[in-house]
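Undergrad: give me a 3D structure for the following:
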Amino acid sequence: MLWLKERGIACVAESVLNSEELDKTVARFVVAARNDGYAQGYAECSHHVVNVLKVDWDTSRSATYGVNTNAALAAMKTEFNNLHLPVMDLINVALQTEDHVAQLKEPDGEDEDEDEDLA
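TA: Purely as a prediction, here's the structure:
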């Protein structure tokens, strides 16, 4: 259990944080959030220009013109909240075994002697 406390939890966290699925989803989420923020800011700025200058402002030049950025951001939130990481399946399988610590240590072949001393 000492191995689990000293290294195992960090290994699990590192596996999750370094997963390709998480990286790709977060990158798409950032782009969707940036696009939505740009669209909202542009719309607000356009609204102020129209009100102050009393002119019709052509918003068709906006990079997000005609794109429902709010829906795209909402879809990305849903995708992120429902993200499935294969590494979690491996962890769940390991936790179902009688000696889950040994199961979790198995893929990490390095420092076996040190790990045995900690267990």
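Undergrad: okay, and the residue most central in space within the chain sits in which element?
TA: Central residue of the chain (CA atoms, centre = their mean): Val26, 3.7 Å from the mean position. For Val26, the enclosing helix or strand under DSSP states H and E is helix 20-53.
Undergrad: quick one: list the elements packing against the helix or strand following that helix.
TA: Later in the chain than helix 20-53, the nearest helix or strand by DSSP H and E is helix 69-81. Contact analysis of helix 69-81 by 3 or more CB pairs under 8 Å, 6 or more residues apart in numbering; DSSP states H and E lists helix 20-53 as its packing neighbours. In this view, the C-beta of every residue, glycine as well, is placed from N, C-alpha and C.
Undergrad: which positions within the helix it packs on qualify as buried?
TA: Leu22, Thr25, Phe29, Ala32, Asn35, Asp36, Ala39, Tyr42 (16 or more other CB atoms under 10 Å).
Undergrad: likewise stretch 1-8?
TA: Neighbour-count burial for stretch 1-8 [16+ other CB under 10 Å]: Trp3, Leu4, Arg7, Gly8.
Undergrad: this completes my enquiry, with thanks.
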